[in-house]
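Asker: quick one, what's the 3D model for this:
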Amino acid sequence: MNKIQPQLELFPSFIGNLPTKPYCTNDLGTGLKIRSKNTALAFKYIQPNSPFYQYYFVLDLDYESALSEILYSLDGIPMPNFVAETPNSGRLHAFFELKTPIYTTDASRQKPIMLANAVYLRLQQLFGADVGYSGLISKNPIHEQWRTYSLRKKPYTLTELSSKLDIDWQEAKKTPQQHEAIGLGRNCYIFHTARHWAYVEIRKYRGKTYNIWLQAVIDHCLKLNEGITEPMQYNEIKGIAKSISRYCWKKDAYYYQEFIDRQSRKGKLGGVKSGEVRRKNSISENKPWIEMGVSRATYYRKIKKEAHN
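Answerer: The predicted structure is shown next:
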């Protein structure tokens, strides 16, 4: 661990942003291991992003002297925060660090994911990066095997990157093709493809329960997931399906009217019950003057007199 200590000091946030138990390896040809964060840092290759959140956009620049290209030829383009370079060839991985990660759990909003994917695709295009690179494993910038350069200390916000790259919402919400379903593109591909299917399909579920409809959307998303090179985890698929099913259920005219009618019935029933309770506990219903052996008028005069005293 002594050999990597100087590099740790250069990238203090990197270790904090890593998954708790990342994939790692010294040889990509022999497969990946799962190790604790501290142990994984000793390997040449490491998993930079968690399955549930993403702090880094990682580009694979598989051409010689890539750093020189970044520094002197790509004018006006956002600079990576740091790069990990192969000494002999100059090929490298470029890391763009986010101040706030993009979450990909079942509770995540789709809009930031779609915007993040558009940013990543634009960065790939501008830097001439390998579009087949999934981003699951990267060069470990802390390992002595690589020459690592820090180019920008301050992490980016997603809004800042999208602004610098002139990306608007219209571009971000475009439906990716299946071959573009890599990294965050998987979320976007399944979300867009499934939602267009769901807008029509929900008509077949009128009169059925929401849970039946939700399961149908989950099953459809799982089928789409099977066609992706690196399938997503079930919880991610379920999160996308929930977002689509809830939206369609609320927006479908049949179910919306059913909801309004149900709320109206509940309101009327609640009004009747509350009225009954009020009448049951009222003075006029209980008639306490009878037990007191006085007239109704005498009872109220007595109450009024006691109130003044």
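Asker: pull the number of nearby residues for T159.
Answerer: Close neighbours of T159, defined as other Cβ atoms under 10 Å, add up to 12. No exception for glycine: its C-beta is placed from N, CA and C like everyone else's.
Asker: whoops, I mixed them up, D27
Answerer: Neighbours of D27 under the rule other Cβ under 10 Å: 10.
Asker: got it, and the one 3 residues further on?
Answerer: Other residues within reach of T30 by the criterion other Cβ under 10 Å amount to 8.
Asker: for it, phi and psi?
Answerer: In terms of degrees, to the nearest 10, the main-chain angles of T30 are phi -100, psi 0.
Asker: so which residues of the stretch 201-309 of the chain form helices?
Answerer: 210-226, 234-251, 253-280, 283-286, 288-292, 296-308 (DSSP state H, counting those that start in this stretch).
Asker: do you have the strands of this protein handy? List them.
Answerer: Assigned by DSSP state E, the chain shows strands spanning 23-25, 33-34, 45-46, 53-61, 82-85, 92-103, 138-139, 147-150.
Asker: what's the third one in contact with?
Answerer: The contact list for strand 45-46, computed with Cβ atoms under 8 Å, 6 or more residues apart in numbering, reads L18, P22, Y23, C24, T25, N26, L28, A40, I137, S138, K139, N140.
Asker: closest one of those to A297?
Answerer: L18 (83.1 Å; Cβ to Cβ).
Asker: hang on, the earlier thing: buried subset of the contacts of strand 45-46?
Answerer: Buried members of these, scored by 16 or more other Cβ atoms under 10 Å, are L18, P22, Y23, C24, T25, A40, I137, S138, K139, N140.
Asker: between the residues you listed, which is closest to Y103?
Answerer: Taking Cβ to Cβ as the measure, Y103 lies nearest L18 of these, at 16.1 Å.
Asker: excluding residues flanking it in the chain, which one is nearest the closest one?
Answerer: Nearest residue to L18, sequence neighbours excluded (Cβ to Cβ, 6 or more residues apart in numbering): K37, at 5.3 Å.
Asker: now do the contacts for the one you found.
Answerer: By Cβ under 8 Å, 6+ apart, the residues touching K37 are I15, L18, P19, T20, K21, P22.
Asker: nearest to K250 among those residues?
Answerer: Of all the contacts of K37, P19 has the smallest distance to K250: 35.0 Å, by Cβ to Cβ.
Asker: excluding chain neighbours, what is closest to the closest one?
Answerer: Nearest non-adjacent residue to P19, counting by Cβ to Cβ, 6+ apart: S50, 4.2 Å away.
Asker: ok, that neighbour to L18 distance?
Answerer: Distance from S50 to L18, counting by Cβ to Cβ, to the nearest Å: 8 Å.
Asker: before we move on, what about R206?
Answerer: Distance of R206 to L18, computed by Cβ to Cβ: 48 Å.
Asker: try S68
Answerer: Distance, S68 to L18, using Cβ to Cβ: 29 Å.
Asker: and if you look at K154?
Answerer: 19 Å.
Asker: again, but for R35
Answerer: Taking Cβ to Cβ as the measure, R35 falls 11 Å from L18.
Asker: wait, Y63 sits on A129?
Answerer: No: using Cβ atoms under 8 Å as the test, Y63 is too far from A129 to be in contact (9.5 Å).
Asker: and the gap between the residue lying closest to L92 once chain neighbours are set aside and N49?
Answerer: Spatial nearest neighbour of L92, excluding adjacent residues (Cβ to Cβ, 6+ apart): E85 at 4.0 Å. Relative to N49, E85 is positioned 20 Å away (Cβ to Cβ).
Asker: the more surrounded of the two?
Answerer: The residue with more neighbours, out of E85 and N49, is N49; 24 against 21, by other Cβ under 10 Å.
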